[in-house]
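Trainee: For reference, the sequence and a predicted model appear below.
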Amino acid sequence: MTARPILTFSALGIAWGAVVFAEIRTDETDFVSPLLGAFRAGVFCAPETVGRRAAPDTVSGETNIIDQTPPFASYGRVVPAVLGIGFGAEAGIMGDIGTDGVLMTVTHPPFDGLGATTQSFVTYIGPETDPSITFYQFDHPYELALGDWTMRASQAGVTLYEVTYTVVPPEALPELAGICGYQDLLS
């Protein structure tokens with residue numbers, strides 16, 4: 001299988017990966033449409049970026065491009081507020097064909113000094129045999145807003161999935177907060 005470029009949207013992200021899985025792994029608070037044949041969500045270290053492109057409905061106004069899907073460090077829904085941490089969902093549409101035109105909407109507590117509470121972009125979800133990952137990663141200190149963050153993927157008004165994460169102070173999850181090498185933020 002050939003790897004395709006993976007796109008992340010500044011702090012928001014979408015990725016096309018070469019990982020093959022066909023499972024539905026959810027938390028009791030997740031909504032996953034029966035249109036999906038693969039789904040899992042969680043927390044990971046944000047991967048290195050290899051480029052950028054415009055994303056006008058995000059706070060930063062641009063997206064990052066990555067070339068590798070990051071492995072999940074946790075399938076939980078609690079995220080430490082640490083730069084370098086990412087959280088999101090890997091999903092695949094039932095069948096062998098993915099779908100373009102998916103609206104990803106992220107709602108979150110207000111960013112200090114900016115007031116932003118919603119960001120969105122249009123993306124792609126791969127087929128269940130070649131799922132894609134969409135995620136948010138903490139790149140800037142203003143993004144470390146504590147509280148509930150919801151990621152919703154929809155197309156033509158139909159919700160494909162919705163996941164809520166709770167962002168907490170790093171000291172509430174010291175082991176997970178340290179997975180990306182940012183332990184000094186806990187002192």
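Mentor: Ah, there it is.

Trainee: Residue 93 is in contact with residue 126, correct?
Mentor: Yes. With contact defined as CB atoms under 8 Å, residue 126 and residue 93 form a contacting pair (7.2 Å). For every residue, glycine as well, the C-beta is placed using N, CA and C.

Trainee: Residue 32 - how many residues pack around it?
Mentor: 22 (other CB atoms under 10 Å).

Trainee: Beta-bridge partners for it, please?
Mentor: residue 161 (DSSP bridges).

Trainee: so how far is residue 153 from it?
Mentor: As defined by CB to CB, to the nearest Å, residue 32 lies at a distance of 10 Å from residue 153.

Trainee: Can you pull the residues that touch both of these two?
Mentor: residue 161 (CB atoms under 8 Å, 6 or more residues apart in numbering).

Trainee: What segments of the protein are helices?
Mentor: 174-177 (DSSP state H).

Trainee: Any idea which residue is closest to the centre of it?
Mentor: For the chain, the residue nearest the mean C-alpha position is residue 135 (1.2 Å; CA atoms, centre = their mean).

Trainee: Test my guess that that one contacts residue 85.
Mentor: No. The pair residue 135 and residue 85 does not pass the contact test of CB under 8 Å, sitting 10.1 Å apart.

Trainee: Overlap in contacts, those two.
Mentor: Counting by CB under 8 Å, 6+ apart, the common neighbours of residue 135 and residue 85 are 44, 46.

Trainee: And residue 150, how close does it get to residue 49?
Mentor: Taking CB to CB, one finds residue 150 at 24 Å from residue 49.

Trainee: Have a look at these two and say which one is more surrounded.
Mentor: Neighbours per residue (other CB under 10 Å) separate residue 150 from residue 49, with residue 49 holding more: 18 against 14.

Trainee: pLDDT at the more buried one, what is it?
Mentor: Residue 49 is assigned 84 on the pLDDT scale.

Trainee: Name the nearest residue to it, ignoring sequence neighbours.
Mentor: Spatial nearest neighbour of residue 49, chain neighbours left out: residue 64 (3.9 Å); criterion: CB to CB, 6 or more residues apart in numbering.

Trainee: same check, this time on residue 95
Mentor: residue 127 (5.8 Å).

Trainee: and that neighbour, what are its bridge partners?
Mentor: Counting by DSSP bridges, residue 127 is bridged to residue 93.

Trainee: doesn't residue 91 make contact with it?
Mentor: No. When contacts are counted by CB under 8 Å, residue 127 is not listed as touching residue 91 (10.2 Å).
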